[in-house]
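Novice: Need coordinates for the below:
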Amino acid sequence: MPTRPFGIFAIGVVLALACPTAQGQDEALRRAVLTLVQVNITTQTLGSPESVVIGNMVLRDYRPTVIGWFPSTGIVIDDKGHVVTFVGYRWVDIDARNPRVEIVDGQGQKHSAKLVGIDQNMRVAVVLCQGMALKKTPLCERCEMKNGVAVVLPAQDSSKAPQLESAQIVSVSTGGDSSVGGGWAIKINRPMSAIGAPILNAQNQVIGLIADQPTGAASTNSRVDVVNVDILSVPQMLSSANKIIKAGGDIQTGWLGVNVNSDVDSRAGVTIDSVERDGPAYKAGLLSNDVIVRWNGVAIHDLDKFIKMIQDTPLGSKAVMDVRRQGKALTLSAVIEARKPPDPSEKLIFEFPDLMALPGAQIAAGDARLQTSLGIQIVLLTPQLAESLQMPVQTGLLVASVNKQTAFDLAGVLAGDIILGVDDVQVGDPLTFYDHIQTRGWGSNLVLRLLRKGKELKKTVQLPKLPGFSRKHPSR
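Specialist: Numbering: from 1, shown residues only. Predicted coordinates for the structure are as follows:
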């Protein structure tokens, strides 16, 4: 299945209101919002000795430290400091990596925390705040979403009270994203890019989180666009959280080890795009372009339901697959396993503009793992890497690539630039860089001190007010 890069979950709030917001409701909203927290999960992985490739040149014996940053909105569910947050498919990159966890409360105070576990099916994580009690978030466990309810989306600005923007729920149906296990599927008449943002009712209680924005928005008339939004309800989150806390770790789901082709009609079966080596499907003999038409005797007519079948298959049990291969029917059996931890030694392949003109190296295009919705990939510049790239300095953050039409691209930051400092603060590693961004807040300006082709310059970057999120589908 084609994948897209992860982005950053924004801390936004959606309020379901039955009447206009009064001054008293504004104060109640403020108090409720202050109980929401930001959960920052950071992973640090040591790459393999052959993980950095520049053109045809492999930097052997150089092991880069790859840092992943995963911020999301958290809801405090009890007086013990347990926080539940929707991490989406990013759990694949977080799981089994002993991450560092930090909680930022509504007052901006930072607290250390630990990851309790992840529900791989529901895609939520539970973290536990350590050393300080957090105020429990008001939750509505028996709320309903109804057609025609007015909703409000505050603008993202951490320095002011929420600025409300109105919208309207056009329709509501039960079910939502089937891979999330239910909830609500709503249609709303305005774009909502805050995946993971909480939804509140008129009593300022959280009733759910935005889990997805399926494609295929329609129009109710020539002037109003309708956007699809899937909601993960509070009862679902609490059910997952209780399972994680009781187990003291992850809630694992079945894994077949395949990527499926989502562009092919699945009503007559699911087409396999690729098979992961040494996974259950590989051991069973499944091949690319095979079409699975039945799973344990059940005909497959829907991709999401097929994914759910795999996830619900008990670990260690045998799944019988009726397969069509080049027009021929055959039957294969696979023993379902838990997902294996991702390989931390994926290659970092640098992409620089032509004007960089590094001596003796033709730079190859590729995809680095240091990717965020900021649209910039950065790598810690060490003396060894600086010498290999013939850089004039030996410390700083090397800009590996910049996505088009993102904040850093619009500010004029180029691949090949070296970030020496931000807002007069020296940044010696990617983690410090990301931490500084968090202290500034979305929508603020950053002043970068850069080194480009031997000359220092400054660039002002305006951070987006509401960072977006693109979901990534791991193999099934």
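
Novice: and after the helix ranked longest in the chain, which helix or strand comes next?
Specialist: Determined from DSSP state H, the single longest helix within the chain is helix 234-247. Per DSSP states H and E, the first helix or strand lying C-terminal to helix 234-247 is strand 254-255.

Novice: Which strands or helices does the helix or strand following that following strand pack on?
Specialist: With elements assigned by DSSP H and E, the helix or strand that comes after strand 254-255 is strand 258-260. Strand 258-260 is packed against strand 270-275, helix 303-312, with contacts defined by 3 or more Cβ pairs under 8 Å, 6 or more residues apart in numbering; DSSP states H and E. Backbone N, C-alpha and C define where each C-beta goes, glycine included.

Novice: and strand 258-260, which strands flank it?
Specialist: Sheet pairing of strand 258-260 (DSSP bridges) gives strand 270-275 (antiparallel).

Novice: now the helix or strand that the strand it pairs with is followed by: mean pLDDT?
Specialist: Following strand 270-275 in sequence order, the next helix or strand is helix 280-284 (DSSP H and E). The predicted model gives helix 280-284 an average pLDDT of 94.

Novice: sorry, back to before: could you look over the helices and strands packed on strand 258-260 and pick the most buried one?
Specialist: Of all the helices and strands packed on strand 258-260, strand 270-275 has the most neighbours on average by mean count of other Cβ atoms under 10 Å, namely a mean of 21.

Novice: now Thr73, which residues is it bridged with?
Specialist: Bridge pairing for Thr73 - DSSP bridges - gives Gln38.

Novice: sorry, back to before: so which of the helices and strands packed on strand 258-260 is nearest Thr253?
Specialist: Go through the helices and strands packed on strand 258-260 one by one with Cβ to Cβ and the one that ends up closest to Thr253 is helix 303-312, at 3.9 Å.

Novice: confidence score at the most far-flung residue of the chain relative to its centre?
Specialist: Going by Cα atoms, centre = their mean, the residue of the chain most distant from its centre is Lys328, 39.4 Å out. At Lys328, the pLDDT value in this model is 93.

Novice: beta partners of it?
Specialist: Beta-bridge partners, per DSSP bridges, of Lys328: Arg325.

Novice: Low-confidence regions, the stretch 301-450 of the chain specifically.
Specialist: Applying pLDDT under 70 to the stretch 301-450 of the chain flags residues 341-373, 384, 388-390, 441-442.

Novice: what are the ranges of the helices in it?
Specialist: 303-312, 383-389, 407-410, 430-440 (DSSP state H, counting those that start in this stretch).

Novice: Can you add distance to Ile336 and give these back as a markdown table?
Specialist: Shown next, in a markdown table, are the helices of the stretch 301-450 of the chain (distance: least, Cβ to Cβ, whole Å):
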| stretch | distance to Ile336 |
| --- | --- |
| helix 303-312 | 7 |
| helix 383-389 | 42 |
| helix 407-410 | 43 |
| helix 430-440 | 37 |
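
Novice: Roughly how far does Asp78 sit from Gln203?
Specialist: 20 Å (Cβ to Cβ, to the nearest Å).

Novice: What distance separates the opening and closing residues of stretch 121-132?
Specialist: 30 Å (Cα to Cα, to the nearest Å).

Novice: swap that for stretch 417-433, please
Specialist: 15 Å.

Novice: how distant is that stretch from the center of its chain?
Specialist: 24 Å (Cα atoms, centre = their mean, to the nearest Å).

Novice: What are the buried residues along that stretch?
Specialist: The neighbour-count check on stretch 417-433 (16 or more other Cβ atoms under 10 Å) flags Asp417, Ile418, Ile419, Leu420, Gly421, Val422, Val427, Asp429, Pro430, Leu431, Phe433 as buried.

Novice: So what touches it?
Specialist: With contacts defined as Cβ atoms under 8 Å, 6 or more residues apart in numbering, stretch 417-433 is touched by 42, 44, 67, 69, 370, 378-381, 391, 393, 395-399, 436, 440, 446-452, 456.

Novice: Quick one, which of those residues are buried?
Specialist: 42, 44, 67, 69, 370, 378-381, 391, 395-399, 446, 448-452.

Novice: right, and Pro280 touches Ala338 too?
Specialist: No: at 10.1 Å, Pro280 does not count as touching Ala338 under the criterion of Cβ atoms under 8 Å.
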